[in-house]
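Trainee: whatever this is, show me its structure:
(chains A, B, C and D)
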There are 2 protein chains.
Amino acid sequence: MSLAHAILTALNERPSSGLELARRFDRSIGYFWPATHQQIYRELRDLERDGLIVEVADGGGRGGKRTYAILEEGRDELRRWIAAAEDPKHIKDSLMVRVRASSSLGGDLLPEIRRHREIHARQLAEYEAIEKRDFQGALSEIRRRQYLVLQWGLHLQKARLDWADAAIEQLETLSASRGEGPIAQDPMIHDPKGTS
Amino acid sequence: MSLAHAILTALNERPSSGLELARRFDRSIGYFWPATHQQIYRELRDLERDGLIVEVADGGGRGGKRTYAILEEGRDELRRWIAAAEDPKHIKDSLMVRVRASSSLGGDLLPEIRRHREIHARQLAEYEAIEKRDFQGALSEIRRRQYLVLQWGLHLQKARLDWADAAIEQLETLSASRGEGPIAQDPMIHDPKGTS
DNA sequence: GGAGCCATGTAACCCGTTACATGATTAC
DNA sequence: GTAATCATGTAACGGGTTACATGGCTCC
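Mentor: Numbering: from 1, shown residues only, chains lettered A, B, ... in the order given. Model (predicted):
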């Protein structure tokens, strides 16, 4: 239920058209709430219908640029949402499921983990470049809060990188001691309490 | 597209009924691929239709327990999927969007961040308990791979905890120096290159 | 025979994904 | 005038969420 709120946040910073929002979502806000232009257009329609935003400087329908701005009702809704309690969502991570699957089925995950390692290293470098470029020296309060968001990105990518490095090391020493192949014939795994 | 694979992974470890799977998904596998019983029943139906699993020890329809086991075709599909390249998915994090929103709208996020801190501290403690209980001393290869998955859980919760602690500290020193309330009257924010 | 739980299932809705369609503007 | 790009939009599908329905078993 929060693509709407992410869009309200973006429009609260600056009135924008759908495509401008889509492009802004490729960076900054989109790092933590990605969205395609199709989703954004649908949501803009709904937000306008609900009276939280308005179209300004109308430029007609298909093909013409439509710029939207947030209304006071939209800010009210944003304030309400900021203050609301909302638990962190569980993260889906197919790589972890595959590691788990490989523990009973075998298979060489090293190339894939190395590939992910590089992706996270690149993302980390990108965040660090943003940090150097935009968050040096004395910061306004607004900027300091934006910095907090970037800091989470840095933390997350570092954690992924650390995990990948540890995993690569552990799997290399494992595969050095034997040839690859299925690890277990028996599908049952060791599970002392039957609660796995 | 990988709830099916998560279920195949679970069934490869041990044949199970729908509800047993749902319960197993509340722990272990479900930490990285959560699923409700409704999803699981739907997926079991489709997997059986596609010939990747079979019902064994049939107990009739509504109200009777149905136990499923993986077929060799299911294992083939799992092997194929383990080896396939699949990029890490972007993570949606509504707390980060709210921090960003609060940077132009104001609002006190400290209570919410403290609440999240406690949730992550509890989850970390849970993972550490599992580590102590199940991953001490010499480990089989199977168990070592399962340990890798747990290690990612530990990394992730530690990163969240660290971020929360840093955020709490920074926001406390900020709010100590002024009263709460909107930070900016002007919805436009500082954005040197217009690329935020 | 009713309360509570185990177990499977249906239905409606929302959101995200993918593929495609169409109009407007600019560059040559 | 046509190709490329900007910009908005439609349609179909699939997965996840929530609420609810139903049958069977056990305990008292």
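Trainee: quick check: domain ranges of chain A?
Mentor: A:3-81, A:94-176 (automatic domain parsing).
Trainee: the strands in chain A, which residues?
Mentor: Assigned by DSSP state E, chain A shows strands spanning A:16-17, A:53-56, A:67-70.
Trainee: and the first one, what does it pack against?
Mentor: So the one you mean is strand A:16-17. When contacts are defined as 3 or more Cβ pairs under 8 Å, 6 or more residues apart in numbering or on different chains; DSSP states H and E, strand A:16-17 sits against strand A:67-70. (C-beta placed from N, C-alpha, C; glycine too.)
Trainee: picking up where we left off before, between the domains of chain A, which gets nearest to DNA strand D?
Mentor: Closest to DNA strand D of the domains of chain A is domain A:3-81 (Cβ to the nearest atom of the strand; 3.3 Å).
Trainee: distance from the chain centre to the closest one, please.
Mentor: Relative to its chain's centre, domain A:3-81 lies at 19 Å (Cα atoms, centre = their mean, to the nearest Å).
Trainee: end to end on it, go ahead and measure it.
Mentor: End-to-end distance of domain A:3-81 (Cα to Cα, to the nearest Å): 12 Å.
Trainee: residues contacting the residue nearest the centre of chain A?
Mentor: The centre of chain A sits closest to residue A:32, judged by Cα atoms, centre = their mean, with a distance of 3.7 Å. Taking Cβ atoms under 8 Å, 6 or more residues apart in numbering or on different chains as the criterion, residue A:32 is in contact with A:149, A:152, A:153, B:90, B:91, B:92, B:93, B:96, B:97, B:100.
Trainee: any of these buried? List them.
Mentor: A:149, A:152, A:153, B:91, B:92, B:93, B:96, B:97, B:100 (16 or more other Cβ atoms under 10 Å in any protein chain shown).
Trainee: look up how far residue B:117 lies from the last one.
Mentor: Distance, residue B:100 to residue B:117, by Cβ to Cβ, to the nearest Å: 19 Å.
Trainee: how many other residues sit next to residue A:165?
Mentor: 13 (other Cβ atoms under 10 Å in any protein chain shown).
Trainee: one more: the one 3 residues further on?
Mentor: By other Cβ under 10 Å, 15 other residues sit near residue A:168.
Trainee: now do residue A:128
Mentor: 15.
Trainee: which residues touch the residue nearest to it when sequence neighbours are not counted?
Mentor: Nearest residue to residue A:128, sequence neighbours excluded (Cβ to Cβ, 6 or more residues apart in numbering or on different chains): residue A:154, at 7.1 Å. By Cβ under 8 Å, 6+ apart, the residues touching residue A:154 are A:124, A:127, A:128, A:131.
Trainee: out of the residues you listed, which are inside helices?
Mentor: Secondary-structure check on the contacts of residue A:154 using DSSP state H: residues within helices are A:124, A:127, A:128, A:131.
Trainee: got a winner among the residues you listed for most neighbours?
Mentor: residue A:127 (20 neighbours).
Trainee: surely it and residue A:153 touch.
Mentor: Yes - at 4.8 Å, residue A:127 and residue A:153 qualify as touching, with contact defined as Cβ atoms under 8 Å.
Trainee: alright, I will stop here.
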